[in-house]
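S.K.: what's the 3D shape of this:
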Amino acid sequence: MNHESTLAWAAGMIESLRARASNTETLRQLPEGTINDALDADLFKMLVPEHLGGHGLDLRTIAHTTRTLAHGCMSSAWTLSFLVLHNWFVARGPRELQEAVFADRAFALIPCPLAPTGTGMPTDGGYVLTGRWQWATGVQHGDWVMVNSMVERDGEAPEGRFCLLRMDEVEVIDTWHTSGMRGTGSHDVVVDGVFVPDAQTIAAADLRGDHPPGALLCDDPFVAFPFTPVLTVVAAAPALGGAEAAVDHYREYIKDRVLPYSPGDRQVEQQASQIRLAEALATVHAARLVWEHAIEQVTATYRSGGSISRNERGRLRLATAYTVRQSLHAVSIIVEGAGASVHFTDSDIGRIHRDLVTLKGHVVYDWDRAAQLAGKIEAGIDPLATDML
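M.R.: Just a heads-up that it's a prediction; the model follows:
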């Protein structure tokens with residue numbers, strides 16, 4: 001697997017994912033055929049370093065692969081990309097964590113809710129974990145679950161710590177009843193008093209920091225790429241790919257549609273529809289340029305051994321939020337001029353619109369928060385420790 005072959009595989013998956021999209025929504029998880037296609041392609045080893053048996057690819061590949069897959073199904077692109085990324089999390093960890101997770105094969109399927117909504121009580125050799133976590137994308141397909149918990153020790157400030165558990169150690173609560181991104185299956189997981197050995201944990205500061213333990217174990221520069229910028233760039237890709245697909249669908253849709261209550265007027269001949277198509281196209285193109293600039297900035301900086309400043313991190317967060325915001329705006333332009341039929345549940349345009357509305361609700365794509373954070377930093381005001389940079 002290399003960059004070109006991975007993108008070619010993703011392009012070849014578009015029609016299959018599109019054909020399965022309605023069933024993916026109904027199932028509220030990825031069909032087994034989609035998971036099997038990804039397994040057959042060795043997709044989940046994409047970001048695992050070569051010394052661990054992976055393909056050692058980087059941000060460009062995962063970002064553009066995800067964007068391409070979203071042309072077929074945004075839920076599938078989102079879920080597959082996070083199952084790929086979470087192997088990168090493990091690769092950033094210490095050797096003991098890598099050996100525990102990659103003992104049987106050079107990847108695992110790991111849903112990973114990021115919010116620290118559980119507690120870990122220190123005990124001999126590890127932690128006793130209890131809590132409930134939302135947004136466990138892809139949990140129906142998992143081998144492991146990775147959750148973030150708060151650990152308290154006497155006299156010390158609480159510490160965030162990511163813990164890995166086997167699927168039979170957690171309870172999945174069916175909560176994912178949504179209007180959009182239904183196929184991600186992002187249910188809740190509950191853990192009640194489960195012991196997790198030290199070797200299956202990593203401090204949140206180490207996982208998210210600029211010098212993760214795994215970076216000392218190999219010469220793959222991507223292992224040390226910045227945590228939050230990578231996540232926000234990749235997670236914006238389904239929005240952009242979905243918007244690009246919606247523009248393509250609209251172009252064909254107006255060619256075939258005859259306007260109701262007209263003497264047979266074709267929508268494609270209406271100036272308003274032509275303007276909407278052009279405006280949506282320009283909006284998506286601008287969003288893609290901003291997104292691609294973010295990818296290239298991060299990649300060029302870290303491949304040359306550099307790092308990005310706090311101000312640059314704020315701008316990257318703003319850029320990815322802008323990408324998602326404009327992707328939704330482009331599709332809204334289309335939907336407003338497409339008639340009521342795009343709101344049937346089997347409409348590709350309608351599905352993409354629902355998915356985009358839901359995806360934009362993700363905390364890192366909240367435009368007000370992203371803009372306020374970037375503006376605050378630009379004005380010289382220190383961000384909070386909880387701000388996602």
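S.K.: which parts of the stretch 151-300 of the chain are helices?
M.R.: 204-208, 227-256, 271-303 (DSSP state H, counting those that start in this stretch).
S.K.: wait, which of the ones you listed is closest to Val363?
M.R.: Evaluated with CB to CB, those place helix 227-256 nearest to Val363, the distance being 10.3 Å. All C-beta atoms are positioned from the backbone trio N, CA, C, and that covers glycine.
S.K.: need the contact list for the spatially most central residue of the chain.
M.R.: When CA atoms, centre = their mean is applied to the chain, the residue found nearest the centroid is Ala235 (3.2 Å). Residues near Ala235 by CB atoms under 8 Å, 6 or more residues apart in numbering: 78, 81-82, 320, 362, 364-365.
S.K.: domain map for the protein?
M.R.: 3-108, 118-203, 225-378 (automatic domain parsing).
S.K.: so for Asp210, which of those domains sits nearest?
M.R.: Nearest of these (CB to CB): domain 225-378, 6.2 Å.
S.K.: now the closest one: mean pLDDT?
M.R.: Mean pLDDT, computed over domain 225-378, is 97.
S.K.: how far off centre is it?
M.R.: With CA atoms, centre = their mean, to the nearest Å as the basis, domain 225-378 stands 14 Å off its chain's centre.
S.K.: same question for stretch 222-233.
M.R.: That offset, for stretch 222-233, works out to 12 Å (CA atoms, centre = their mean).
S.K.: ok, now stretch 9-26?
M.R.: Mean C-alpha position of stretch 9-26 versus that of the full chain (CA atoms, centre = their mean) differs by 17 Å.
S.K.: the residue nearest to His343 when sequence neighbours are not counted: what's it in contact with?
M.R.: In this structure, His343 finds its nearest non-sequential neighbour in Gly350, 5.2 Å apart by CB to CB, 6 or more residues apart in numbering. By CB under 8 Å, 6+ apart, the contact list for Gly350 reads 335, 342-344.
S.K.: in which helix or strand does Gly350 reside?
M.R.: helix 348-359 (DSSP states H and E).
S.K.: measure how that helix sits relative to helix 227-256, angle-wise.
M.R.: Per axes from the mean of the first three to the mean of the last three CA atoms, to 10 degrees, the angle that helix 348-359 makes with helix 227-256 is 160 degrees.
S.K.: tell me the buried residues in helix 348-359?
M.R.: Residues 348-356, 358-359 are the ones in helix 348-359 that count as buried (16 or more other CB atoms under 10 Å).
S.K.: cool, and stretch 100-107?
M.R.: With burial defined by 16+ other CB under 10 Å, the residues of stretch 100-107 counted as buried are 100-102, 106-107.
S.K.: just send those residues back as TSV, with pLDDT, secondary structure and distance to His55 too.
M.R.: Output for the buried residues of stretch 100-107, formatted as TSV (pLDDT from 0 to 100; DSSP: H, G, I helix; E, B strand; the rest coil; distance: CB to CB, whole Å):
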residue	pLDDT	secondary structure	distance to His55
Ala100	97	helix	21
Val101	98	helix	17
Phe102	98	coil	14
Ala106	97	coil	9
Phe107	98	coil	10
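S.K.: mind checking the SS state of Thr386?
M.R.: Applying DSSP: H, G, I helix; E, B strand; the rest coil to Thr386 yields a three-state assignment of coil.
S.K.: how many residues are close by it?
M.R.: Applying other CB atoms under 10 Å, we find 5 residues neighbouring Thr386.
S.K.: distance check, it against Leu97.
M.R.: 25 Å (CB to CB, to the nearest Å).
S.K.: now do the buried residues in stretch 10-17.
M.R.: Buried, per 16+ other CB under 10 Å, within stretch 10-17: 10, 13-14, 16-17.
S.K.: please apply the same query to stretch 126-138.
M.R.: 126-127, 129, 131, 133, 135-138.
S.K.: okay, those in TSV with pLDDT next?
M.R.: Listed next are the buried residues of stretch 126-138 as TSV, based on pLDDT from 0 to 100:
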residue	pLDDT
Gly126	98
Tyr127	98
Leu129	98
Gly131	98
Trp133	99
Trp135	98
Ala136	99
Thr137	99
Gly138	98
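S.K.: quick check, nearest of those to Ala282?
M.R.: Relative to Ala282, the closest of those is Thr137; by CB to CB it sits at 31.6 Å.
S.K.: how near is the closest one to Gly306?
M.R.: 31 Å.
S.K.: ditto for Val190
M.R.: For Val190, the distance to Gly306 - CB to CB - is 42 Å.
S.K.: ditto for Leu43
M.R.: To Gly306, Leu43 is 29 Å away according to CB to CB.
S.K.: higher neighbour count, those two?
M.R.: Between Leu43 and Gly306, Leu43 has the larger neighbour count (other CB under 10 Å), namely 24 against 9.
S.K.: now do the more buried one, the pLDDT please.
M.R.: Value for Leu43, per-residue pLDDT: 99.
S.K.: dihedrals phi and psi, the residue located most distally from the centre of the chain?
M.R.: No residue in the chain sits farther from the centre than Pro263, which is 46.4 Å out by CA atoms, centre = their mean. The phi and psi torsions at Pro263 (degrees, to the nearest 10) take the values phi -80, psi 30.
S.K.: do the same with Ser186
M.R.: The phi and psi values for Ser186, taken as degrees, to the nearest 10, are phi -90, psi 70.
S.K.: coming back round to it: and Gly214, which of the domains of the chain is closest to it?
M.R.: Going by CB to CB, the one of the domains of the chain nearest Gly214 is domain 3-108, 4.4 Å.
S.K.: does Ser347 touch Ser341 like I think?
M.R.: Yes. Counting by CB atoms under 8 Å, Ser347 does reach Ser341; the two are 6.7 Å apart.
S.K.: which of those two has more residues huddled nearby?
M.R.: Ser347 (18 against 12).
S.K.: so what's the more buried one up against?
M.R.: Neighbours of Ser347 in contact, by CB under 8 Å, 6+ apart: Ser341.
S.K.: so it versus Ala338, what's the distance?
M.R.: From Ser347 to Ala338 the distance is 9 Å (CB to CB).
S.K.: alright, calling it a day.
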